[in-house]
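> no sequence on hand, only this structure:
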């Protein structure tokens with residue numbers, strides 16, 4: 001690893017070297033960083049770079065971070081995946097769910113997301129907009145989520161989606177829907 005960094009440091013200046021193009025008598029085109037007889041310098045386009053905008057933090061006169069505007073509410077809160085009535089196979093019973101609030105989750109206000117499996121809270125409220133339900137039994141289930149405020153009160157909830165989870169069975173080893 002240490003040697004790789006040293007080698008990289010040695011070759012960095014070559015990344016900005018001139019490039020020369022030579023056409024041989026056979027019509028073969030050769031590019032090189034070393035000029036040769038009859039070589040012409042190739043003008044390369046400017047490198048594309050990106051300078052991110054500076055990170056700013058809204059502060060009050062005391063130097064503390066300003067609180068979000070009170071009264072801002074969520075316009076929508078939807079389940080991004082899975083789709084309603086989705087049917088899929090997972091022998092371990094792992095079901096992934098993602099949600100999308102608009103405007104984005106207001107973490108500075110202490111908002112969190114509570115996920116629900118069959119109407120019951122799954123785990124504790126969290127800051128993540130994605131969750132994987134582990135060990136779900138085969139069958140039909142409903143998934144939903146709510147945005148909770150700092151006090152744990154629901155501010156907005158998704159419309160529940162229904163999923164159908166299938167698992168392989170030795171009773172039906174040739175099921176055409178199952179692909180291991």
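Happy to help now that I have it. All of these numbers come straight from a predicted model, not from anything done at the bench. Residues are numbered from 1 along each chain as shown.

> mind listing what the longest strand seen in the chain pairs with, with the direction of each?
The strand spanning the most residues in the chain, taking DSSP state E as the definition, is strand 139-148. Strand partners for strand 139-148, identified by DSSP bridges, are recorded as strand 112-117 (antiparallel), strand 154-157 (antiparallel), strand 161-166 (antiparallel).

> just say which of these is most tucked in.
Each of the strands paired with strand 139-148 was given a mean neighbour count from mean count of other C-beta atoms under 10 Å, and the largest, a mean of 19, is that of strand 112-117. To be clear about C-beta, it is placed using only N, CA and C from the backbone, and glycine gets the same treatment.

> list the buried residues of the helix or strand just after it.
On the C-terminal side of strand 112-117, the nearest following helix or strand under DSSP states H and E is strand 120-126. Within strand 120-126, the residues scored as buried using 16 or more other C-beta atoms under 10 Å are 122, 125.

> still on that earlier bit, residue 24 is nearest to which of the strands paired with strand 139-148?
Among the strands paired with strand 139-148, strand 161-166 comes nearest to residue 24, with 63.7 Å by C-beta to C-beta.

> off-centre distance for that closest one?
Relative to the centre of its chain, strand 161-166 is centred 24 Å away, using C-alpha atoms, centre = their mean, to the nearest Å.

> quick one, phi psi at the residue lying farthest from the centre of the chain?
Within the chain, the residue lying farthest from the chain centre (C-alpha atoms, centre = their mean) is residue 25, at 52.5 Å. Phi and psi for residue 25, reported as degrees, to the nearest 10, are phi -60, psi -30.

> distance check, it against residue 42.
If you measure residue 25 against residue 42 using C-beta to C-beta, to the nearest Å, the figure is 20 Å.

> cool, and residue 104?
46 Å.

> next SSE after the one helix or strand in the chain whose mean pLDDT sits lowest?
Using mean pLDDT, DSSP states H and E, helix 2-11 stands out as the lowest-scoring helix or strand of the chain, at a mean of 52. Scanning forward in sequence from helix 2-11 by DSSP H and E, the next helix or strand is strand 19-23.

> paired strands for that following strand, with orientation please.
Within its sheet, and counting by DSSP bridges, strand 19-23 is paired with strand 29-32 (antiparallel), strand 40-42 (antiparallel).

> wait, which of these is closest to residue 54?
Ranking these by distance to residue 54, with C-beta to C-beta as the measure, places strand 40-42 first at 36.0 Å.

> quick one: buried residues of the helix or strand following the closest one?
Of the helices and strands lying after strand 40-42 in sequence (DSSP H and E), the nearest is strand 76-81. Of the residues in strand 76-81, those buried by neighbour count under the rule 16+ other C-beta under 10 Å are 77, 79.

> check stretch 34-41 too.
Taking 16+ other C-beta under 10 Å as the neighbour-count basis, stretch 34-41 is seen to contain the buried residues residue 39.

> alright, calling it a day.
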